[in-house]
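In: 3D model of this:
(2 chains)
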Amino acid sequence: MGEHDKVDAVIVGSGAAGSVYAAILAEGGKDVLVLEKGPARKLTDLYSSQIWARRLKWGTPHVVEKGRNSIWFNFNAGQGFGGAAMHHYGVWPRYHPEDFREKTLYGKGLDWPFSYDVLRPFYDKVQRDVGISGDARQEKWRPAGEAYPLPPVRVTEHGKTIAKGFEAMGMQTSPIPIAVLSEPYKGREACIWDGWCDAGCPTGALANPLVTYLPRATDRGAKMRAGCRVTRVLTDPAGKKATGVEYYDDKGKRHFQPADMVILAAFAVENPRILLNSATDKHPNGLANSSGLVGKYLMSHPAVSVYGLFDHDMENYIGATGGQLFNQDHFGKNNTPGAFGSRQWEIGLALKPNDLLGIAMSRPEIYGRELDKFMKQGVRGMGSMVGVCEELPEMENRVELSSQKDKYGFPLARVIHSTGQDGNALLQQSMKEGVAIFKAAGARESWHGPQGGQHLMGGAIMGETAELSVTDENSRTHDMPNLVIGGPSVFPTSSCVNSTFTIHAVAMKSAEHILKNWSEYS
Amino acid sequence: MIDMPLDRRKFLQKSGMIVSVGMASAAGFFRPAEAARLNMPLQILSAEESNILGSFGEVIVPGSGKAGMVHFIDNQLTQAPDDCMLLLKYFQIRPPYIDFYRSGCIALTKYCQTRYGRAFESLSNTEKDEVIKALVNGAPDGWQGPPAFLFYMFVRSDAVDVVYGTPEGFEKLNMPYMAHILPPEGWSHG
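Out: Prediction:
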């Protein structure tokens, strides 16, 4: 087994959460090591191609799925430096105050162990660090917070046309809040609106970790190690403290990396898998699992793509993949008849011909000469938007260990996930509403795709008590003082908003607390 | 088509991010279309599987044969799952991915033999169209293999990738490609 020098903190995963922990702790003078399962990717590796974009995503078989609705793990997760944030679209709305108090306010879902007001300064801080384009005044649904540091993104005929449909339906649109630079910001170039966000943004205009927090971390001495598949967190003989992590390198060699603190930031499926695989005689049900809740309350946003064909040039190839405009008219938890939960629209997504969200796949039943005709119409006249819905935390939606094993002999993750009644009703309403909006905008034809699953949350939720949650309000596990969970795993509710901004803010809050209270943790 | 905006031109000049497409060929790489034209040997797919997939893909996306769909699939099947660039990796299909294509080819041949007494490649255009319509509807009578619609959809995606998803494909659609960094032109067949 490979042995290594002990570090202050080992961080498992280099994505949205892992990069923030690495930067804050390294800047605080800690000796930090980041272990990443995928390759050591650079900006110059990010080719503009929807085909090559698939290298940023998982292919390794490690999720066995059961239940009615896929969580689309391989599509949502990422591998290589930057993790899933390398291919995310940068749509960065904030959670709303009611998302943090759902159980108290509505008797549904769960409460977070803190309110929006506690997280607000961290949203503001991350926003200043990273740069978000938007218009806080026009975004009437937006919770309190500092105005966006950058003006809104460019709106083309694509956004303008669909906005008319919203207006005709008595709904409002605003510029989308997006972590894509509309102007140069802190040494990074502005976006040139060519829609390659999904393939990873080599210009640095989109806030991926390679241009935001990872350079801050490495500039202050943090080390990054690629090709390290972490399998377990190891503990002292008494089972009271984590001593480091076990991992396998690309050649299949086993290593032990000792550390005073372990931060798992390996996304919503892998975090629980590692904790469950780390069972010992002192922790027979897995680490940090005295509540029995490790793996439970897994959530994914039910989402639908809606399309329309117009007779004029929509300029749909210009812009950001995340969209141009935004709507949260139905964010109110009781605004959709027959369903509890929030909904939102991301409007005017830049289109490409191929891949899962491309023009061809919007009508998979078309083939032959008709497909060529459709493609030629689509590149000129297609409009698109995405409806994203809330999914309530249900204990039955979970990550557990499969009987199938990986090549190192550790069980794969088995995911059981079905969207509940409320999530289904929200989605059905979004499907109907989206088609109606396109018709109102003047589309000669409009349709929606099947249910998709965007973003993954839960699996190691935070809460006030050790009986009802896995971590405390600072993402530290209740059971082990030097074991911290980073990323969306700790979210007790999903809201309907894209999770990456909140992942950053929660990680920032946690990392700053660790730094101020280091002796309590280590 | 739009003109390249000034800021874009400046950016590309400044960053030097355009990869020379000629280098890849000079280094012994081949585009799928070139590999198909040269009839390069396949690494994973058998000749029979190549014929089935080629014929099937050509009906779904005309031009996919010339664009090298079979060589594209074959080359990607040689890659580790994480590096694979076939759409099916999004769908939690268990590697090795050849198993999915292979079982799909067997199922398609068996279905066509049972229904028409001939393999897919030997069917008339009308019969091929009937088969694909049955797959699109998802439940062809007697189909024994991977989910019929998924098999159709993955091959369709592979064909769309090589016909429409490349710089040449964008050009045919009159859609600006606007690359920050052009992908390497070829895939190795060494």
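
In: For the stretch 201-350 of chain A, what lies in contact range of chain B?
Out: Applying CB under 8 Å from any CB of the partner chain, one finds that the stretch 201-350 of chain A approaches chain B through A:201-203, A:315, A:317-318. Every residue, glycine included, has its C-beta placed from N, CA and C.

In: Assign a three-state SS to the closest residue in space to A:Ser70 that isn't next to it in sequence, would you?
Out: Once flanking residues are discounted, A:Ser70 sits nearest to A:Gly453: 6.0 Å by CB to CB, 6 or more residues apart in numbering or on different chains. Look at A:Gly453: counting by DSSP: H, G, I helix; E, B strand; the rest coil, its state is strand.

In: circling back to that earlier point, scan the residues of the stretch 201-350 of chain A next to chain B and report the most crowded one.
Out: Counting neighbours by other CB atoms under 10 Å in any protein chain shown, A:Cys201 leads these with 29 neighbours.

In: surely A:Trp193 meets A:Arg154?
Out: Yes. The pair A:Trp193 and A:Arg154 passes the contact test of CB atoms under 8 Å, sitting 5.7 Å apart.

In: Can you say which two of the residues of the stretch 201-350 of chain A next to chain B are spatially most distant?
Out: Spatial extent of these (CB to CB) is set by the pair A:Pro202 and A:Glu315 at 23.0 Å.

In: Tell me the predicted confidence for B:Pro183.
Out: Among the per-residue scores, B:Pro183 shows a pLDDT of 86.

In: Could you do B:Ser15 as well?
Out: Reported pLDDT at B:Ser15 in the predicted model: 45.

In: any idea how far the residue sitting nearest the centre point of chain B lies from B:Phe120?
Out: Against the mean C-alpha coordinate of chain B, by CA atoms, centre = their mean, the closest residue is B:Asp158 at 2.8 Å. Note on B:Asp158: its distance to B:Phe120, by CB to CB, to the nearest Å, is 16 Å.

In: Common neighbours of A:Trp193 and A:Arg154, please.
Out: Residues touching both A:Trp193 and A:Arg154 (CB atoms under 8 Å, 6 or more residues apart in numbering or on different chains) are A:318-319.

In: Comparing the two, which shows the higher neighbour count?
Out: The neighbour count for A:Trp193 versus A:Arg154, taken as other CB under 10 Å, is higher for A:Trp193 (22 against 16).

In: where does the more buried one fall, phi/psi-wise?
Out: Torsion angles at A:Trp193 (phi, psi; degrees, to the nearest 10) stand at phi 60, psi 50.

In: Could you list the paired strands of the helix or strand of chain A with the lowest mean pLDDT along with their orientation?
Out: Ranked by mean pLDDT, DSSP states H and E, the helix or strand of chain A with the weakest confidence is strand A:2-3, at a mean of 84. If you go by DSSP bridges, strand A:2-3 pairs up with strand A:254-264 (parallel).

In: Around the closest residue to chain B within the stretch 151-300 of chain A, count how many other residues there are.
Out: Nearest residue of the stretch 151-300 of chain A to chain B (CB to the nearest CB) works out as A:Asp194 at 3.7 Å. The number of residues packed around A:Asp194, counting by other CB under 10 Å, is 22.

In: so what's it closest to, chain neighbours aside?
Out: In space, A:Asp194 is closest to B:Met178, 3.7 Å off (CB to CB, 6+ apart).

In: Show me which helix runs longest in chain B.
Out: Longest helix of chain B, by residue count under DSSP state H: helix B:98-116.

In: What are the contacting residues of that one?
Out: B:44-45, B:48-49, B:52-53, B:56, B:73, B:77, B:88, B:93, B:118-120, B:123, B:127, B:131, B:140, B:142-146, B:148, B:151, B:154-155.

In: Go again with 7 Å.
Out: B:44, B:49, B:52-53, B:56, B:73, B:77, B:88, B:93, B:118-120, B:123, B:127, B:131, B:140, B:142-146, B:151 (CB atoms under 7 Å, 6 or more residues apart in numbering or on different chains).

In: among the residues you listed, which ones are buried?
Out: In terms of neighbour count (16 or more other CB atoms under 10 Å in any protein chain shown), the buried residues within the contacts of helix B:98-116 are B:44, B:49, B:52-53, B:56, B:73, B:77, B:88, B:93, B:119-120, B:123, B:131, B:140, B:143, B:145-146, B:151.

In: Give me the subset of the residues you listed lying in helices.
Out: In this view, the buried ones among the contacts of helix B:98-116 that belong to helices under DSSP H are B:49, B:52-53, B:56, B:73, B:77, B:131, B:151.

In: Quickly name whichever of these is closest to A:Val233.
Out: Among these, B:Leu77 lies closest to A:Val233 (CB to CB), at 35.7 Å.

In: Not counting its neighbours along the chain, what's nearest that closest one?
Out: The nearest residue in space to B:Leu77 (CB to CB, 6+ apart) is B:Ile44, at 4.3 Å.

In: what sits up against the lengthiest helix in chain A?
Out: What stands out as the longest helix in chain A, according to DSSP H, is helix A:421-440. With contacts defined as CB under 7 Å, 6+ apart, helix A:421-440 is touched by A:165-166, A:168-169, A:302, A:304, A:306, A:308, A:336, A:338-341, A:343, A:383, A:385, A:387, A:389-392, A:446-448, A:451.

In: Heading C-terminal from it, find the next helix or strand.
Out: Once the chain leaves helix A:421-440, the next helix or strand it forms, by DSSP states H and E, is strand A:445-448.

In: From the contact counts, what lies against that following strand?
Out: Applying 3 or more CB pairs under 7 Å, 6 or more residues apart in numbering or on different chains; DSSP states H and E, one finds that strand A:445-448 contacts strand A:299-309, helix A:421-440.

In: Mean pLDDT for the ones you listed - can I get that in a markdown table?
Out: What follows is these, written out as a markdown table (pLDDT from 0 to 100):
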| stretch | mean pLDDT |
| --- | --- |
| strand A:299-309 | 98 |
| helix A:421-440 | 98 |
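
In: Need the winner for burial among these.
Out: Highest mean neighbour count among the helices and strands packed on strand A:445-448 (mean count of other CB atoms under 10 Å in any protein chain shown): strand A:299-309, with a mean of 25.

In: partners of that one, with directions?
Out: Next to strand A:299-309 in the sheet, as set by DSSP bridges, lie strand A:382-389 (antiparallel), strand A:445-448 (antiparallel), strand A:452-457 (antiparallel).

In: Distance from the chain centre to the helix or strand just after that strand, please.
Out: Past strand A:299-309, further along toward the C-terminus, the next helix or strand under DSSP H and E is strand A:325-327. From the chain centre to the centre of strand A:325-327 is a distance of 19 Å (CA atoms, centre = their mean, to the nearest Å).

In: Can you name the next helix or strand after strand A:325-327?
Out: strand A:343-347.

In: Which residues does that next one contact?
Out: Strand A:343-347 is contacted from outside by A:91, A:159, A:162, A:173, A:176, A:322-328, A:330-331, A:336, A:385-389, A:426, A:430, A:496-497, using CB under 7 Å, 6+ apart.
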